[in-house]
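Chemist: Would you be able to build a 3D model of this:
(chains A and B)
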Amino acid sequence: MASQIIESQSNLDKNKEIIRVESVYFSYDGPLILEDINLSINRADFLAIIGPNGSGKTTLLKIMVGLLKPQDGRVFLFGQEIEDFGDWYKVAYLQQNATHLESNFPITVEEVIISSLYASRAKKIKPAVWRKERVEQVLNLVGLAGYQKRLMTTLSGGQQQRVLIARALANEPEIMLLDEPTTGVDHKTQGAFYDLLGNLNYNYGLTIAVVTHDYGLVNKHINQVACLNRKLIYHGRHEEFCQSGAFKELLEGGHHLIMHQH
Amino acid sequence: MVSSILTSGFFWRAVLAGSFLAVACGLLGVFLILRQDSMISHGLSHVAFAGIALGLVLNFLPLIVSLIICGIGSIFILKLKQQARLPGDAALAILSSAGMALAIFLVSLRMNFGVELMGYLFGDILAISPVEVWLSIALALMVTVLILINYHQLLYMTFDRETALVAGVRVSSLDKILVILTAITVVLGLRIVGLLLVSALTVIPAASALLLARSFRQTLVLSSIFSLVSIVAGIILAYLLDLPASASIVFLSIAIFLTTLGGKKVAAGH
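Modeler: Residues are numbered from 1 along each chain as shown, chains lettered A, B, ... in the order given. Sure, this is the predicted structure:
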């Protein structure tokens, strides 16, 4: 059933480039936030973007989804320059603090998901029966079967986060970009959340880029790391990163990285 | 008494125009509150009042002049809010003062329409003309239809603006549509409850619905029903008891609000 939503892993061309960032510079009328960033994300990659606070991680993510325009440099989505790109349903974006909900917003889980199915004009609206089925499928995928009629505001932070993932999946994205998705949820829930992302990446080939401080929780699922501090300090395979100087430097810098074993 | 109500043309006109406006206000109000834009209708009501005064000075259909002025004012509010040079409520305070000052200035040019202007200050639904009835119905229907057509996109962007933007929702067009619909609703409301109470129509029924509803769809339905009951029953009460309709409409909507608030407190207490 889930394979209807996302193509199965086997028939993916993993060399297909999903996002490419070329010589990107960015500042908010002041010092440079990002300097000469070059980065590419291929299909079925799971990329963790890490770095100290204020290192430009969120800015980079916003540039990749078109919410911010770089002063210089180019961004390509699915081989198209971002200005010409129109298939936004392929791109799922989960902003920072996405679960800081207005405490009296009366919206059900089902309404959160269904309203997103109407977002893009590029896709035809499917009949109501299809929409209900789709909601059921994606809620099963994130482990929230039967939550359709629940009010969002009555769910825990971790459950809300899962609903937002389900909403993203309902639109059959090819890439999901998440900005510190587990802020404010407990450690155990964070682990379960990254396991869910790992499962979506491993079993269904969903491409994922996540800005995170929880490197110790996410590292068992990822294959790529980008370490940012205004400039891109390191970008490459996760295994190589662990042996590189950049990793040691980060640890010595006292950042909240948890050592792990391979 | 009852038979005289049923045969009275102006009474039915008032009820008809009021009903269509009620539904438009009920739907719009939910979005305004959740977007934290409830004060926009208050600010725009002052701009609309200046438009009415201008129409009276020019001796040209005050309702139409007011619609145009209020439409321009609504886009101005949106720009101020987007540029974020000022907190939104400060921008609205400036705009409502400007609107009121303009209205007073225009009134001072020609003093002889004081009574007519009072009708717009305090509302005078039982004096609504047949042309105004049809215009109000058409515009209120347009507000309702536009909200329903864009229901899912409006809900998505109200709930989660940034994600909706990335997902391809035409957020800036919908922002414009929403303020212009607010402007239209405010001008229509001016005729019924008047400047001083017009924002009550968009805010109170929606606030009551938000207290009770168990889904967003339910919020819109309840808000429209509360608004409809307040306006229709308010007009009937006003007619029967010879009260000002604007006051009885707002009193009824406040009574509904207090009842839902009390009911909610009782329910939470157990």
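Chemist: Am I right that A:Val185 falls within a helix?
Modeler: No - per DSSP: H, G, I helix; E, B strand; the rest coil, A:Val185 lies outside any helix segment and is coil.
Chemist: Show me the shaky parts of the chain.
Modeler: You didn't pick a chain, so chain A it is. A:1-13, A:98-100, A:121-123, A:242-262 (pLDDT under 70).
Chemist: Chain B is the one I meant
Modeler: Chain B contains residues with pLDDT under 70 at B:1-7, B:84, B:111, B:113, B:269-270.
Chemist: Chain A contacts on that one?
Modeler: B:34, B:152-153, B:155-156, B:159-160, B:162-169, B:210-211, B:213-219 (CB under 8 Å from any CB of the partner chain). (Each C-beta comes from the backbone N, C-alpha and C, glycine too.)
Chemist: buried subset of those residues?
Modeler: Restricting those to buried positions leaves B:34, B:152-153, B:155-156, B:159-160, B:162-169, B:210-211, B:213, B:215-217, B:219, with burial counted as 16 or more other CB atoms under 10 Å in any protein chain shown.
Chemist: Run through who's touching stretch A:228-240.
Modeler: Stretch A:228-240 has contacts (CB atoms under 8 Å, 6 or more residues apart in numbering or on different chains) with A:32-39, A:48-52, A:55-57, A:60, A:219, A:222-227, A:241, A:244, A:246-247, A:249, A:262.
Chemist: How about the residues of chain A by chain B?
Modeler: A:65-67, A:86, A:88-89, A:91-95, A:98, A:102, A:104-108, A:111-112, A:114-122, A:149, A:151, A:164, A:171.
Chemist: Return a PyMOL selection command for the buried portion of those.
Modeler: Remark: buried members of the residues of chain A next to chain B, expressed as a PyMOL selection using 16+ other CB under 10 Å:
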select buried, chain A and resi 65+66+88+89+91+92+93+94+95+98+105+106+107+108+111+112+114+115+116+117+118+119+120+151+164+171
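Chemist: what packs against the helix or strand hosting B:Val221?
Modeler: Taking DSSP states H and E as the definition, B:Val221 sits inside helix B:216-241. Under the contact criterion of 3 or more CB pairs under 8 Å, 6 or more residues apart in numbering or on different chains; DSSP states H and E, helix B:216-241 touches helix B:2-6, helix B:9-34, helix B:198-212, helix B:245-269.
Chemist: quick check: angle from it to helix B:245-269?
Modeler: If you take axes from the mean of the first three to the mean of the last three CA atoms, to 10 degrees, helix B:216-241 sits at 130 degrees to helix B:245-269.
Chemist: Buried residues in helix B:216-241, which are they?
Modeler: B:216-217, B:219-220, B:222-228, B:230-239.
Chemist: ditto for stretch A:74-86
Modeler: Judged by neighbour count (16+ other CB under 10 Å), stretch A:74-86 contains these buried residues: A:75-78, A:82, A:85.
Chemist: next one: stretch A:127-143
Modeler: Per 16+ other CB under 10 Å, stretch A:127-143 contains these buried residues: A:131, A:134-139, A:141-142.
Chemist: Quick check: of these, which lies closest to chain B?
Modeler: Using CB to the nearest CB, A:Arg131 comes nearest to chain B of the buried residues of stretch A:127-143, at 10.3 Å.
Chemist: got the phi/psi numbers for the residue nearest in space to the middle of chain A?
Modeler: For chain A, the residue nearest the mean C-alpha position is A:Leu177 (2.3 Å; CA atoms, centre = their mean). With angles defined as degrees, to the nearest 10, A:Leu177 sits at phi -110, psi 120.
Chemist: what sits against it?
Modeler: Per CB under 8 Å, 6+ apart, neighbours of A:Leu177: A:61, A:64-65, A:91-94, A:208-210.
Chemist: And it, how far from A:His221?
Modeler: 15 Å (CB to CB, to the nearest Å).
Chemist: Which members of the contacts of A:Leu177 occur in helices, if any?
Modeler: When DSSP state H is applied, the contacts of A:Leu177 are split such that A:61, A:64 fall in helices.
Chemist: In strands, which of the contacts of A:Leu177 fall?
Modeler: The strands, defined by DSSP state E, take in A:91-94, A:208-210 from the contacts of A:Leu177.
Chemist: B:Ile52: which of those residues is nearest?
Modeler: A:Tyr93 (45.2 Å; CB to CB).
Chemist: Can you tell me the closest non-neighbouring residue to the closest one?
Modeler: B:Val166 (4.2 Å; CB to CB, 6 or more residues apart in numbering or on different chains).
Chemist: between the buried residues of stretch A:74-86, which is closest to B:Leu92?
Modeler: Out of the buried residues of stretch A:74-86, the member with the shortest distance to B:Leu92 (by CB to CB) is A:Ile82, at 35.5 Å.
Chemist: The closest one is in contact with A:Pro70, isn't it?
Modeler: No - look at A:Ile82 against A:Pro70 with CB atoms under 8 Å: they stay out of range, at 9.5 Å.
Chemist: Off-centre distance for stretch B:159-173?
Modeler: 25 Å (CA atoms, centre = their mean, to the nearest Å).
Chemist: residues in contact with that stretch?
Modeler: Stretch B:159-173 is contacted by residues A:65-67, A:86, A:88-89, A:91-95, A:98, A:105, A:107, A:112, A:115-116, A:119-122, A:164, A:171, B:34, B:153, B:156-157 when judged by CB under 8 Å, 6+ apart.
Chemist: Check stretch B:212-219 too.
Modeler: Contacts for stretch B:212-219 (CB under 8 Å, 6+ apart): A:106-108, A:111, A:149, A:151, B:30, B:155, B:206, B:209-210, B:222, B:260, B:263-264.
Chemist: For those, which two are the farthest from each other?
Modeler: The distance between the two most remote of those (CB to CB) is 25.7 Å, for B:Leu155 and B:Gly263.
Chemist: Relative to chain B, which of the buried residues of stretch A:74-86 is nearest.
Modeler: A:Phe85 (10.3 Å).
Chemist: For that closest one, give me its contacts.
Modeler: A:Phe85 touches A:66, A:77-78, counting by CB under 8 Å, 6+ apart.
Chemist: re earlier: just the contacts of stretch B:159-173: which are in strands?
Modeler: Short answer: the contacts of stretch B:159-173 in strands (DSSP E) are A:91-94.
Chemist: farthest-separated two in those residues?
Modeler: Farthest apart among the ones in strands among the contacts of stretch B:159-173 - using CB to CB - are A:Val91 and A:Leu94, which lie 11.0 Å from each other.
Chemist: Understood, closing this out.
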